[in-house]
Each structure stands twice: as structure tokens, then as C-alpha cells.
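*Asks:* Please work out how this folds:
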Amino acid sequence: MSTVMSAEKSLTRSKMLTKKRAAAAMNLATQPGKSIMMTAFMLWMSGKNLNVFTINTTSMAIINPLTAIINTNSNFRRFESPDDSPGSSLLQQKGIYIALNTLALMVAMYKMNSMGLLPMTTADWTGLIDQREPIENNLMAL
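*Replies:* Predicted coordinates:
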């Protein structure tokens, strides 16, 4: 009887630990969402002029989400359970983390577009168009 009770206790303890890990992982997954508005405000306050402060703010708004997306697995490694029990998958939390970091990256890209740093118009690509050779050349007679 006591072995059954201890097995049930360890099972409930394992479930509780899995739930706590999932909650902590969800807390980490929503961290980028908490800083998106602050980043957007800082980008708005930096203005549209090209100066050191604006370039530094915009570059950090691009670099931080990119490094976070690249390091997703290492950031969530501490929440993985040693036993691969069902329900301990962190795919949902990782998906939310990547989606929020992508949203933060989109805010920074919007800032770069508003500063005119992204090639979005046809005039930005005219250097790549081949120029035609004229069939005839005209010389003006004097």
C-alpha cells in the first residue's frame, strides 16, 4: 500500500514540476512582448535623422531580436525535463518566443523604412538596370 502511495506522490510531484517548468518557460516566451512597446517608443523618440543615437538605437532594435531567435534552443534548454514525458514539450513556448521576437524585428524594420534606409522604391534599384546601347548616334553639325 505504501509503495502505491509513494508512486502516486512521485507522479503528482512530476506533474507539478512539469507544470512549473511550462509556466516558467511561458514567462520567458512572453518577455519579448513586454519590451516591444518600449522599443517602439525609443525608436520614435530617436527621430528620423541619421545620427549616432538613431543608428545605435535602430541597430540594437534589429540585433537583439535576431540573436534571441538564433539562441532560442539554448534559452529554453534549462526548462526541458530530463525525462521526455508527454506534455513537457516546449514547442508552443518557443513558437510564441520566436513570433514576439519577429514582431520586434518588424518594428525595427518599419523604423528603418521610415528613415529611408530600406530599398523599397524603384529608384533604389535603378543602378541594377542595364542601359541599352543606342542604335544610332547623332552628331550636331555646325
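
*Asks:* What pLDDT is listed against S6?
*Replies:* At S6, the predicted lDDT confidence score is 61.

*Asks:* Identify the residue spatially nearest to the residue nearest the centre of the chain, adjacent ones excluded.
*Replies:* The chain has N101 as the residue nearest its centroid, 2.5 Å off, counting by C-alpha atoms, centre = their mean. Nearest residue to N101, sequence neighbours excluded (C-beta to C-beta, 6 or more residues apart in numbering): P65, at 4.1 Å. The way it works is simple: take the backbone N, C-alpha and C, and place the C-beta from them, glycine included.

*Asks:* tell me which residues in the one helix or strand that neighbour maps to are buried?
*Replies:* In the assignment (DSSP states H and E), P65 maps to helix 52-70. Across helix 52-70, burial judged by 16 or more other C-beta atoms under 10 Å covers 54, 57-58, 61-62, 64-65, 68-69.

*Asks:* could you redo those as CSV and give each row distance to A25 and pLDDT?
*Replies:* Shown next, in CSV, are those (distance: C-beta to C-beta, whole Å; pLDDT from 0 to 100):
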residue, distance to A25, pLDDT
T54, 35, 92
T57, 30, 93
T58, 30, 94
A61, 25, 95
I62, 25, 96
N64, 20, 95
P65, 19, 96
A68, 14, 96
I69, 16, 96
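
*Asks:* out of the residues you listed, who's nearest T30?
*Replies:* Taking C-beta to C-beta as the measure, T30 lies nearest A68 of these, at 12.7 Å.

*Asks:* Give me the mean pLDDT for stretch 38-45.
*Replies:* Averaged across stretch 38-45, pLDDT comes to 94.

*Asks:* Any buried residues in it, and which?
*Replies:* For stretch 38-45, the buried set under the neighbour-count rule, 16+ other C-beta under 10 Å, comprises 39-40, 42-43.

*Asks:* And for stretch 13-26?
*Replies:* Neighbour counts using 16+ other C-beta under 10 Å place 18, 21-22, 25-26 of stretch 13-26 among the buried residues.
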